[in-house]
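Student: Sequence and predicted structure, then a few things I'm wondering about:
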Amino acid sequence: MGNKIAYITGATSGIGEASAIKLASEGFDLIITGRREERLETLKNKLISKYNIAILTQNYDVTKREEVEAAIHSLPTQWKQIDILVNNAGLASGLNTIYEGDINDWEKMIDTNIKGLLYVTRTLAPILIENNKGHIVNIGSIAGKEVYANGNVYCSTKFAVDALSKAMRLEFSKFPIKVTSINPGAVETEFSIVRFHGDEDRAKTVYEGYDNLLAEDIADAIWYVVSRPARVNINEMIVMPTAQPMAGVINRK
Ligand code: NDP
Ligand code: 8X3
């Protein structure tokens, strides 16, 4: 140990996994979290052998407050010198109108994207404040800037992340802890498979006929914001596929 430390939620796939790989390649020690323990262990072993860094895994569900608190309170002292928190764990569940939507889907999104992000941030905050340093990077979405058809509740959770990022920036800057939100458009990950409840064929259609973003593009954006000099904070970034000028609009070939 002795390197800078990044704490990444939802590192078992997609943007979180790509961020873990990018930050490992830049010499960070990592705390990686997610519900799929096996994937955490596989990623840990791969990154340790490739980059010779230290990795701690924390296997919990961000929607379960007691699990979040127990995991973070159990961090060994040497792992508490966290430089970067990437609040990435999140999901969409369903794509439907409000008058036909499934309330279980809504609760899952609200519990994960808003409450989960808050549980992690609130529990880690005293550690960051005690350290007098840190950079919180919240993964929002273009869906937190613009609403698209049938995105209603997912969009509202990401609008909440946008508001929380602004509020956090206001409240944490005095410590000094930076806060950035990164708001991607369509990135091909497991996102749409999860949104469509495991329907991989339907998920594929989301990314057909244009060049979607890759998880690595967002990992690059995260690296850019966390590697600026101490005096510079990137408040927010919107990163879109060239073919997606706004939420819900994609120019397909
Ligand atoms: P993935 O489905 O590939 O990854 C989601 C990650 O979040 C997984 O590691 C998953 O881990 C974790 N996660 C989900 N629910 C929970 C939970 N209850 N507890 C702990 N971890 C959880 O999707 P993405 O990489 O695309 O998504 C990452 C973030 O990016 C999300 O916040 C998403 O809203 C946002 N985003 C995605 C976009 C896209 O087009 N893909 C665009 C804009 C924003 P596990 O299942 O192992 O728990
Ligand atoms: C996901 C972005 O536009 O694919 O957060 O819904 S979008």
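Tutor: Received the coordinates, thanks. Ligands and ions are numbered 1, 2, ... in the order given.
Student: ok, now how distant is I103 from G94?
Tutor: 10 Å (C-beta to C-beta, to the nearest Å). C-beta here means a position set from N, CA and C on the backbone, and glycine is covered the same way.
Student: swap in G248?
Tutor: Computed as C-beta to C-beta, the G248 to G94 distance reads 16 Å.
Student: Could you do T12 as well?
Tutor: Counting by C-beta to C-beta, the gap from T12 to G94 is 21 Å.
Student: what do you get for K80?
Tutor: K80 is 38 Å from G94, where distance means C-beta to C-beta.
Student: circling back to that earlier point, specify which residue of I103 and G94 has the higher count of neighbours.
Tutor: The neighbour comparison of I103 against G94 (other C-beta atoms under 10 Å) goes to G94, with 20 against 8.
Student: any idea what sits nearest that one, other than its immediate chain neighbours?
Tutor: Nearest non-adjacent residue to G94, counting by C-beta to C-beta, 6 or more residues apart in numbering: D105, 3.7 Å away.
Student: list the contacts for the one you found?
Tutor: With contacts defined as C-beta atoms under 8 Å, 6 or more residues apart in numbering, D105 is in contact with S93, G94, N96, V153.
Student: for those residues, which one is nearest ligand 1?
Tutor: Sorting these by how near they are to ligand 1, with C-beta to the nearest ligand atom, puts S93 at the top with 9.6 Å.
Student: does A89 count as helix, strand or coil?
Tutor: With DSSP: H, G, I helix; E, B strand; the rest coil as the basis, A89 sits in coil.
Student: Following element in sequence after the helix ranked longest in the chain, please.
Tutor: Scanning the chain for the helix with the most residues, using DSSP state H, yields helix 152-172. Moving toward the C-terminus from helix 152-172, the next helix or strand (DSSP states H and E) is strand 178-184.
Student: Around ligand 1, which positions in the stretch 101-250 of the chain sit nearby?
Tutor: Residues of the stretch 101-250 of the chain that fall close to ligand 1, judged by C-beta under 6 Å from any ligand atom: T112, G116, I139, S141, P184, A186, V187, T189, E190, F191, V194, A215.
Student: one more time with 8 Å, if that's ok
Tutor: Of all the residues in the stretch 101-250 of the chain, those in contact range of ligand 1 (C-beta under 8 Å from any ligand atom) are 111-113, 116, 139-143, 154, 158, 161, 183-194, 212-213, 215, 218.
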